[in-house]
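Enquirer: Here's my sequence, what's the structure:
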Amino acid sequence: MIFRHLYHSKHTFSSPIFPKMTSPTIEPVTPTGITRYALISVSDKTHVEKIASALLKHGITLLSTGGTFRYLTTTHNLPCTSVSNLTNHPEILSGRVKTLHPVIAGGILAKSYQDLQPLEIPPIDFVICNLYQFSKKVTPKTLIEDAVEEIDIGGVTLLRAAAKNFHRVTVVSDIKDYDRIIQELPNVPIETRKDLATRAFLHTKEYDTMISDYLHTSYSELRYGTNPHQKPATLSRAPFQVLNGSAGYINLLDALNAWPLVKELGKATGLPAAASFKHVSPSGVAVCQRYLTDAERQVYMVPKGEDLSDMATAYVKARGCDRMSSYGDFIALSQTCDASTARFISREVSDGVIAPGYETEALEIFKKKKNGRYLVLQMDPNFEPPRIEEREVYGVRLTQRRNDATVNKAYFSEVHNGAELSEDTILDLTVATIALKFTQSNSVCFAKGGMTIGIGAGQQSRLHCTRLAAGKAKAWWGRFHPEVMAIEYKEGTNRAQKSTLQDQLVTCTLSPSDWSPVASPSTPPTIDFNAYNATLTDVVLSSDAFFPFPDSLDVAATIGTTTVAAPMGSVMDAQVLKKAEEKGMNFVKAPCRLFHH
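Expert: From the prediction side, this is the model:
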């Protein structure tokens, strides 16, 4: 018999030690005379003596191993049975195997006491276990042969077994739950046991994720998190290669939001797509559907006579949407980055670029940027993220289905007044709407000519979003005013200074002291931008959610908006549609909301 060392062979489960048992119930009742065990095996021993003492007071026998056994018996003088004594088998392989034994597994996994009767295995009703502290002892620099020794095998097995059998067993994986259990002893309610089982499975899931992240070849340590004091920060399971530079936390947030945007936009339009990202929202997004005009080349600061590839043209437009916001951007390209694109990027202040590939000459250009520290990421174009995404907020884990809504021509098929939209209008709506899908909400976007011209991101009020975006669109349009284009800059004026001066002039915030150091003649031109803005036409507006009031359309009308796309759902839908009719706007009833947080 397995337990001949503890129970004489004449003992049977109908004896006083193991009396005949009844069928299991959801709330199992321990038959009189049964010795109940609590298996305690913890890496973090904080307060474990408290719950151990409470278990003893209720007649529950303690069972433990190794360091925990010594801590309870020697440090706190608590009576405790060694797992080796119970199993009649010593720890082996220098302690690698302690609790992996049929007696332990059976005592935890048995659905009822009656199942254990013919095996002479005592029931283990409590499992108190936390795991080796892998995250505290292992860093990206830890040698793999040392790291594997910090992987807990027996503890994970104990937790999963006990959690699986929560109808009978109480599993405790978090020190914070000790007081709760102490209050509910000796018979912990089923609701508590189920909750604790859920926590145990989450604990083992997080533990396995830490280990798999470490073992993944792309695991690396980042300089810091969102702010320099937020250390450590790590990257794992990356579907890209770092070809140059060193990735930062915010760089990656931008890159991993910008890449799916351009990938989706390129697929939807069949055109090269580019995005300029700052603080997890796009500053500008564009596709290349035609060559740039001479005026566009001048406004977007393309050197005279320089040939632009289609991919370069897309980024020139994306950067040109809002040059002030794009300063120090992170760039995403839907197609291979060629030398033409790299040359233009090399002149701008930016933090990095992500693309599916790079020409050799392009990569050499980037390696000279920022003293060799310019970040270059090569994305696996075939990578598809899991359908379910998760995030953690204040220690709480949330999951949701990824936003896989498809934005294409069919997305804009329901037009309120039945008007037929032109191909150019559909293209602009596609650019604006896919941009919003990756913009912090609330958000709206104005677009024209295959590019965004004003994005209002992250505002609590949709009206404020629209005002912000309209202001940016007016600033974009103002740079095309003949007198703005005719400004003569003093020698040594750089691109950022030119952009700043233009922005101050077109937004009517320019002072003489801002003008004179960088431009001539001695005084800036006097321009009626209100009248000039009225010449802007054929603009589209997309919104990530419904308009709660019609006032946003009044703002949109000031910059020549002819088509609006937004989902329905407001109690003011009728008034919004009426306002669109009054302003001569086509209104597309978008099929879904596109919040992004």
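
Enquirer: tell me which element the residue positioned nearest the centre of the chain is part of?
Expert: Taking Cα atoms, centre = their mean, the centroid of the chain lies closest to residue 391, which sits 5.9 Å from it. If you go by DSSP states H and E, residue 391 is part of strand 388-393.

Enquirer: buried ones in that strand?
Expert: By 16 or more other Cβ atoms under 10 Å, strand 388-393 has no buried positions at all. For every residue, glycine as well, the C-beta is placed using N, CA and C.

Enquirer: Each with direction, which strands does it pair with?
Expert: strand 396-401 (antiparallel) (DSSP bridges).

Enquirer: which parts of the strand it pairs with are buried?
Expert: Buried-residue list, strand 396-401, by 16+ other Cβ under 10 Å: empty.

Enquirer: just stretch 376-385 next, same as before
Expert: 376, 377, 378, 379.

Enquirer: do stretch 461-480 as well
Expert: 462-463, 465-470, 472-480.

Enquirer: before we move on, back to that, from residue 278, how far out is the residue nearest to the centre of the chain?
Expert: 21 Å (Cβ to Cβ, to the nearest Å).

Enquirer: same deal with residue 458?
Expert: 11 Å.

Enquirer: Also residue 169?
Expert: Taken as Cβ to Cβ, the span from residue 169 to residue 278 is 52 Å.

Enquirer: for residue 264, same thing?
Expert: Distance from residue 264 to residue 278, by Cβ to Cβ: 19 Å.

Enquirer: How about residue 386?
Expert: From residue 386 over to residue 278 the distance is 27 Å, taken as Cβ to Cβ.

Enquirer: okay, those two: which has more neighbours?
Expert: Between residue 386 and residue 278, counted using other Cβ atoms under 10 Å, the more crowded position is residue 278 (21 against 8).

Enquirer: The closest residue to the more buried one other than its chain neighbours: what's it in contact with?
Expert: Excluding the flanking residues, the one nearest residue 278 by Cβ to Cβ, 6 or more residues apart in numbering is residue 329, at 5.3 Å. Applying Cβ atoms under 8 Å, 6 or more residues apart in numbering to residue 329 gives the contacts 254, 276, 277, 278, 283, 319, 348, 350, 351.

Enquirer: of those, closest to residue 43?
Expert: Using Cβ to Cβ, residue 254 comes nearest to residue 43 of the contacts of residue 329, at 37.5 Å.

Enquirer: How confident was the prediction at the closest one?
Expert: At residue 254, the predicted lDDT confidence score is 97.

Enquirer: was I right about it contacting residue 278?
Expert: Yes - if you go by Cβ atoms under 8 Å, residue 254 and residue 278 touch, sitting 7.1 Å apart.

Enquirer: Return every residue with contacts to both of these two.
Expert: Common contacts of residue 254 and residue 278, defined by Cβ under 8 Å, 6+ apart, comprise 329, 330.

Enquirer: any idea which helix or strand comes after the helix or strand residue 296 falls within?
Expert: Using DSSP H and E, residue 296 maps to helix 294-299. Using DSSP H and E, the helix or strand that follows helix 294-299 in sequence is helix 310-321.

Enquirer: pLDDT averaged over that next one - what is it?
Expert: The model assigns helix 310-321 a mean pLDDT of 98.

Enquirer: same question, stretch 90-107
Expert: The average pLDDT within stretch 90-107 is 77.

Enquirer: For it, give the distance from the opening residue to the closing one.
Expert: 18 Å (Cα to Cα, to the nearest Å).

Enquirer: wait, what's in contact with residue 201?
Expert: 159, 160, 163.

Enquirer: which one among those gets closest to residue 556?
Expert: When the contacts of residue 201 are compared for distance to residue 556 (Cβ to Cβ), residue 163 wins out at 55.0 Å.

Enquirer: Now do the stretch of helix or strand that closest one belongs to: which elements does it pack against?
Expert: Using DSSP H and E, residue 163 sits within helix 154-164. For helix 154-164, the elements it packs on are strand 37-42, helix 102-109, strand 124-130, strand 170-172, helix 190-215, judged by 3 or more Cβ pairs under 8 Å, 6 or more residues apart in numbering; DSSP states H and E.

Enquirer: Looking at the contacts of residue 329, which are in helices?
Expert: With DSSP state H as the criterion, helices contain 254, 319 from among these.

Enquirer: Scan the contacts of residue 329 and report the most crowded one.
Expert: residue 277 leads the contacts of residue 329 on contacts (other Cβ under 10 Å) with 34 neighbours.

Enquirer: Dump the contacts of residue 329 to CSV, plus distance to residue 193.
Expert: Shown next, in CSV, are the contacts of residue 329 (distance: Cβ to Cβ, whole Å):
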residue, distance to residue 193
254, 44
276, 53
277, 47
278, 49
283, 52
319, 58
348, 60
350, 55
351, 50
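
Enquirer: who's in contact with residue 181?
Expert: 51, 54, 170, 172, 188, 192.

Enquirer: out of the residues you listed, who's nearest residue 574?
Expert: Using Cβ to Cβ, the contacts of residue 181 come closest to residue 574 at residue 192, 51.7 Å.

Enquirer: what's around the closest residue to the closest one other than its chain neighbours, how many residues?
Expert: The shortest distance from residue 192 to any non-neighbouring residue, by Cβ to Cβ, 6+ apart, is to residue 184 (6.0 Å). Residue 184 has 13 neighbouring residues, counting by other Cβ under 10 Å.

Enquirer: Against residue 195, how distant is residue 184?
Expert: With Cβ to Cβ as the criterion, residue 184 and residue 195 are 11 Å apart.

Enquirer: Just the pLDDT for residue 400.
Expert: As predicted, residue 400 sits at a pLDDT of 95.

Enquirer: How much space separates the residue lying closest to it once chain neighbours are set aside from residue 164?
Expert: Nearest residue to residue 400, sequence neighbours excluded (Cβ to Cβ, 6+ apart): residue 389, at 6.2 Å. Relative to residue 164, residue 389 is positioned 27 Å away (Cβ to Cβ).

Enquirer: what does residue 208 give?
Expert: Residue 208 is 16 Å from residue 164, by Cβ to Cβ.

Enquirer: and what of residue 90?
Expert: Residue 90 is 27 Å from residue 164, by Cβ to Cβ.

Enquirer: next one: residue 570
Expert: 48 Å.

Enquirer: Could you list the buried residues of stretch 157-164?
Expert: 157, 158, 159, 160, 161, 162, 163.

Enquirer: In JSON lines, list these along with pLDDT and distance to residue 491.
Expert: Shown next, in JSON lines, are those (pLDDT from 0 to 100; distance: Cβ to Cβ, whole Å):
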{"residue": "157", "pLDDT": "89", "distance to residue 491": "74"}
{"residue": "158", "pLDDT": "92", "distance to residue 491": "75"}
{"residue": "159", "pLDDT": "94", "distance to residue 491": "71"}
{"residue": "160", "pLDDT": "91", "distance to residue 491": "72"}
{"residue": "161", "pLDDT": "93", "distance to residue 491": "77"}
{"residue": "162", "pLDDT": "93", "distance to residue 491": "76"}
{"residue": "163", "pLDDT": "93", "distance to residue 491": "73"}
